[in-house]
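Enquirer: test case, fold it:
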Amino acid sequence: MAMVVFSLMDRSGVRKALFWALVLLALIIYIFSLILADAVLAYGSTHEDGKQYFGSLDRTMLTLFMSISGGVSWEDEIEPLRETFA
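Expert: Purely as a prediction, here's the structure:
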C-alpha cells in the first residue's frame, strides 16, 4: 500500500490520469442517471424498489455506482425496471 501511495505522490502524470479517469467515470454515471431517473419518473414505477433505487437523481447515481463497484447486485436493481417497462 505504501508503494502505491508513494508512486501516486512521485509522478504527477499518474495523478492527472487518475483525476481525469475519475471525472470521466462521474460524467458517465451522471448522464446515465439522468436517463434512467427521467425514464422511471416518466413511466411511473409501480414497484416500491424502483423508487428506492431510481426515485431521484442522487439515488440513481448512487445505485449505478454501487452496481459497478460491487456494492449491490445488478440483478436486484434491474427487477423494478423490468416491471416498470414491461
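
Enquirer: excluding its backbone neighbours, what's nearest residue 77?
Expert: Excluding its sequence neighbours, the residue lying closest to residue 77 (C-beta to C-beta, 6 or more residues apart in numbering) is residue 53, at 5.2 Å. Just so you know, the C-beta spots here come from the backbone N, C-alpha and C atoms, and that holds for glycine as well.

Enquirer: these two touch, right, the one you found and residue 64?
Expert: No - look at residue 53 against residue 64 with C-beta atoms under 8 Å: they stay out of range, at 9.3 Å.

Enquirer: who's more crowded, these two?
Expert: residue 53 (26 against 20; other C-beta atoms under 10 Å).

Enquirer: dump the residue contacts of that one.
Expert: 59-60, 63, 77, 80 (C-beta atoms under 8 Å, 6 or more residues apart in numbering).

Enquirer: who wins for most neighbours among the residues you listed?
Expert: residue 60 (25 neighbours).

Enquirer: who are the packing partners of the one helix or strand it maps to?
Expert: Assigned by DSSP states H and E, residue 60 belongs to helix 57-69. Judged by 3 or more C-beta pairs under 8 Å, 6 or more residues apart in numbering; DSSP states H and E, helix 57-69 is in contact with helix 12-43, helix 48-54, helix 74-85.
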